[in-house]
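K.L.:
Got a predicted structure here, sequence first:
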Amino acid sequence: MCEKEIRKTKDGKISLDEFSEGIRAFSPSITSEQIDELFNDLDNDGDGQIDIIEFAMCFVVGRD
């Protein structure tokens, strides 16, 4: 999944709604609770949005 494909606004960040829509496109059976958990895990600074650095970190091997 490409960050640009799921980001509707051009502010460089992914909102929970954008993230949910992108995740559901690949995994329609995922629950809202699972999406929230994934989103919160990626939103390292807790600002309610995933920026490009946070998004890229999900691809880092060995990430805590």
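P.N.:
Yep, that arrived.

K.L.:
ok, and the closest non-adjacent residue to the residue nearest the centre of the chain?
P.N.:
The residue lying closest to the centre of the chain (C-alpha atoms, centre = their mean) is Phe19, at 4.6 Å. Using C-beta to C-beta, 6 or more residues apart in numbering and skipping the chain neighbours, the partner closest in space to Phe19 is Phe39 (5.2 Å). Every C-beta, even on glycine, is put in place using the N, C-alpha and C of the backbone.

K.L.:
gap between the strand or helix carrying the one you found and the chain center?
P.N.:
In the assignment (DSSP states H and E), Phe39 maps to helix 32-42. Helix 32-42 sits 8 Å away from the centroid of its parent chain (C-alpha atoms, centre = their mean, to the nearest Å).

K.L.:
quick one: contacts of it?
P.N.:
With contact meaning C-beta atoms under 8 Å, 6 or more residues apart in numbering, helix 32-42 is reached by Leu16, Phe19, Ser20, Ile23, Arg24, Ile50, Glu54, Phe55, Met57, Cys58.

K.L.:
Dihedrals phi and psi, Asp51?
P.N.:
Main-chain dihedrals, Asp51, degrees, to the nearest 10: phi -90, psi 180.

K.L.:
How about it: what's its closest non-neighbour residue?
P.N.:
Closest to Asp51 by C-beta to C-beta, 6+ apart is Lys13, at 5.1 Å.

K.L.:
What is the neighbour count of the one you found?
P.N.:
For Lys13, the count of nearby residues is 18 (other C-beta atoms under 10 Å).

K.L.:
hang on, isn't it packed against Gly48?
P.N.:
No. Using C-beta atoms under 8 Å, Lys13 makes no contact with Gly48, being 9.1 Å away.

K.L.:
anything in contact with each of those two?
P.N.:
When C-beta under 8 Å, 6+ apart defines a contact, no residue borders Lys13 and Gly48 alike.
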